[in-house]
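Peer 1: Would you be able to build a 3D model of this:
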Amino acid sequence: MTVDTFPAWPEDVPTHPLLIIDYRLLRKKDPSEVDRLWEAATTLGFWYLKNHGADTAVAEMFDLGAAVMALPLEEMMKYEQGDQGESFGYKMAGGDVVSPSGELDTAEFLNPRLVRRKTPSYPPPVLFHMESVVRPFILKSLEVTNTTIDIFNDKLGMAKGRLLELHSDAEWSGSQARIIRNKATNSTVKVATGSHTDFGSLSFLHNKQGGLQVLPPGADLWQYIEPIQDHAICNVGDALSILSGGLLRSNVHRVLPPPPTQANTERWSLVFFSRLGDSVILRALAEESPVVAEIVKKKSSGGSEKSHPHVTAQEWCQRRVKNRRMANRQATKTWEASLGTEGVNLF
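Peer 2: Numbering: from 1, shown residues only. This next block holds a predicted model:
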């Protein structure tokens, strides 16, 4: 498939630097590496992760993605996720809007997970490889994201394991894998995935072509994140940002076609989204963390309550998914309703 080689990055395309975090050191709770992770998570909210040990599982998921996306569109549409805010199943290119004006996205993707509360709605290749390919990737991704979440728990001064309790697999959640394809295009302007913050807690991303861009705090220009061989890209989502009173940063990002030296090729990505249990209320955990309590105290004295949406994790995700669907579009109203922590009017 087209992702087997790792294209060179164009020398004339600037990028935004990210800290490189060593997962092997994180597992040992190395103090210096933990502090570097905390720095990354509380500034831009993005970092590279090396030595994560997921390379084989990632390669097999990319191969599975190629087999699935080779199916005819009419076959894939049997597994379409629908317009009610459900995020499991297939989404065709052009199913979502990427801007207030209603411009359509160019990304198609399939979101599988292991435990299902409804009848299976995945194409045969996914069901056939659920145990041999999908399960190993998801379990490895959970190991990585749970290790990171537990480190954040300690940095916030919370009771041991408290954040992991809120992500327990005993409750249904929006946690899922996503295999993404963007077909080749000559355009370097067309937005593949619109600007957004991630819905959940942590994202564990793997891609070989460029296209991911971030808008750093206080910046006016979008900046590319260069993919690096054997390095994942991780970022904080809305849920952890809200629980931490905004200390952990959920930063706005988007996806464009690959830059010039990687253009005219299909762009493949693979990501795992770690999300809270559906019933968990999104609120700053001031009563459980002295660090968050201090932040909330400062915000309250300044008249700000932006970290307190007070809805469930399920409601948060479903609202955001539903209001980006083209079928639900109502001018700018639904775009505004799809916003995450960047949507200051929501709090």
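Peer 1: SS state for the residue positioned nearest the centre of the chain?
Peer 2: Centroid-nearest residue in the chain, with C-alpha atoms, centre = their mean: residue 203, separated by 4.0 Å. Here residue 203 is recorded as strand under DSSP: H, G, I helix; E, B strand; the rest coil.
Peer 1: In this structure it contacts residue 238, no?
Peer 2: No - contact between residue 203 and residue 238 fails when scored by C-beta atoms under 8 Å: they sit 10.9 Å apart. All C-beta atoms are positioned from the backbone trio N, CA, C, and that covers glycine.
Peer 1: picking that back up, I'd like the distance between the closest residue in space to the residue nearest to the centre of the chain that isn't next to it in sequence and residue 286.
Peer 2: Distances taken as C-beta to C-beta, 6 or more residues apart in numbering place residue 235 nearest to residue 203, at 5.1 Å, with adjacent residues excluded. Separation of residue 235 from residue 286 (C-beta to C-beta, to the nearest Å): 24 Å.
Peer 1: any weak-confidence spans in the stretch 151-300 of the chain?
Peer 2: 186-189 (pLDDT under 70).
Peer 1: And the strands in it, which stretches?
Peer 2: Under the criterion DSSP state E, counting those that start in this stretch, strands of the stretch 151-300 of the chain are mapped to 176-182, 193-196, 202-207, 212-214, 223-224, 232-236, 253-255, 267-274.
Peer 1: and these as CSV, adding distance to residue 322?
Peer 2: Formatted as CSV, these follow (distance: least, C-beta to C-beta, whole Å):
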stretch, distance to residue 322
strand 176-182, 16
strand 193-196, 14
strand 202-207, 20
strand 212-214, 24
strand 223-224, 30
strand 232-236, 23
strand 253-255, 20
strand 267-274, 17
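Peer 1: would residue 335 count as being in a strand?
Peer 2: No - residue state for residue 335 (three-state DSSP) corresponds to helix; a strand is not indicated.
Peer 1: Dihedrals phi and psi, the closest residue to it other than its chain neighbours?
Peer 2: Closest residue to residue 335 apart from its sequence neighbours, by C-beta to C-beta, 6+ apart: residue 100 at 4.5 Å. Torsion angles at residue 100 (phi, psi; degrees, to the nearest 10) stand at phi -60, psi -30.
Peer 1: residues near residue 100, how many?
Peer 2: 14 (other C-beta atoms under 10 Å).
Peer 1: Kindly report the same for residue 152.
Peer 2: Using other C-beta under 10 Å, residue 152 is surrounded by 23 other residues.
Peer 1: mind checking how far it is from residue 332?
Peer 2: For residue 152, the distance to residue 332 - C-beta to C-beta - is 35 Å.
Peer 1: ok, residue 284 touching residue 298?
Peer 2: No - the criterion here is C-beta under 8 Å, and residue 284 misses it with residue 298 at 11.5 Å.
Peer 1: picking that back up, could you check how far the residue nearest to residue 335 is from residue 128?
Peer 2: 41 Å.
Peer 1: ditto for residue 36
Peer 2: Taking C-beta to C-beta, one finds residue 36 at 41 Å from residue 128.
Peer 1: tell me the contacts of the nearest residue to residue 213 once chain neighbours are set aside?
Peer 2: Ranked by C-beta to C-beta, 6+ apart and with sequence neighbours excluded, the top spatial neighbour of residue 213 is residue 222, at 4.3 Å. Listed by C-beta atoms under 8 Å, 6 or more residues apart in numbering, the contact set of residue 222 reads 213-215, 254.
Peer 1: Could you rerun that using 10 Å?
Peer 2: 16, 195, 213-216, 252-254, 256 (C-beta atoms under 10 Å, 6 or more residues apart in numbering).
Peer 1: rewinding a little: quickly list what's touching both of residue 284 and residue 298.
Peer 2: residue 245.
Peer 1: The two: who's more crowded?
Peer 2: Remark: of residue 284 and residue 298, residue 284 carries more neighbours, 25 against 11, as counted by other C-beta under 10 Å.
Peer 1: Please tell me I have it right and the more buried one contacts residue 293.
Peer 2: Yes - applying C-beta atoms under 10 Å, one finds residue 284 in contact with residue 293, separated by 8.5 Å.
Peer 1: what do these two both touch?
Peer 2: residue 245.
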